[in-house]
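Visitor: coords below, sequence missing:
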């Protein structure tokens with residue numbers, strides 16, 4: 001380990017010892033759950049370490065950056081909970097023989113999380129056009145007519161959305 005790496009590790013350790021308790025308390029109040037608060041506090045500091053942003057570079061307000069990162073993680077956490085709740089509600093309506101195994105449910109949830117994140121990353125217009133085609137079953141011409149745009153524009157947005165789908169792997 002180089003001297004720079006050692007210094008960075010010491011700075012992260014100091015940041016952690018100075019602010020972890022505060023961040024954990026803030027997250028606990030926000031989430032109302034100690035386990036999720038502990039996980040997200042850990043993930044927040046992990047993001048700081050991965051970003052290679054040295055605590056010394058954070059200036060006088062390291063809590064502002066920690067709060068910013070943690071807020072994003074909380075929003076992602078709530079999105080995942082909403083998605084999981086909707087999936088479990090849909091499963092509740094299935095006949096017993098058709099209910100997937102716990103392993104399959106976990107795989108489906110992970111795929112849903114990836115798809116939801118991909119859809120969220122699309123520009124709003126592309127997402128709208130893609131969902132009109134995929135969920136509402138509208139033809140490209142119907143979408144163009146409904147949105148008052150050209151057919152070629154609809155096709156361009158659909159192609160972009162399908163490219164994002166393919167990138168999911």
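Guide: Yes, it's here. In this text the structure is predicted, and so the values were computed from the model without any measurement.

Visitor: check contacts around residue 138.
Guide: Residues counted as contacts of residue 138 (CB atoms under 8 Å, 6 or more residues apart in numbering) are 132, 146. Yep, even glycine has a C-beta here, placed from its N, CA and C like the rest.

Visitor: Helix, strand or coil: sort out it for me.
Guide: For residue 138, the assignment made with DSSP: H, G, I helix; E, B strand; the rest coil gives coil.

Visitor: Can you say which helix or strand has the most centrally placed residue in the chain in it?
Guide: What sits nearest the mean C-alpha location of the chain, by CA atoms, centre = their mean, is residue 76, with 4.4 Å. Assessed by DSSP states H and E, residue 76 sits inside helix 62-92.

Visitor: Same check on residue 26?
Guide: helix 3-31.

Visitor: what angle sits between the next helix or strand after that helix and helix 62-92?
Guide: The first helix or strand that comes after helix 3-31 along the chain, using DSSP H and E, is helix 34-51. Calculated by axes from the mean of the first three to the mean of the last three CA atoms, to 10 degrees, helix 34-51 forms an angle of 120 degrees with helix 62-92.

Visitor: Show me what counts as buried in helix 34-51.
Guide: Within helix 34-51, the residues scored as buried using 16 or more other CB atoms under 10 Å are 36-37, 40-41, 43-45, 47-48.

Visitor: any idea of the mean pLDDT for it?
Guide: Summarised as a single mean, pLDDT over helix 34-51 is 91.
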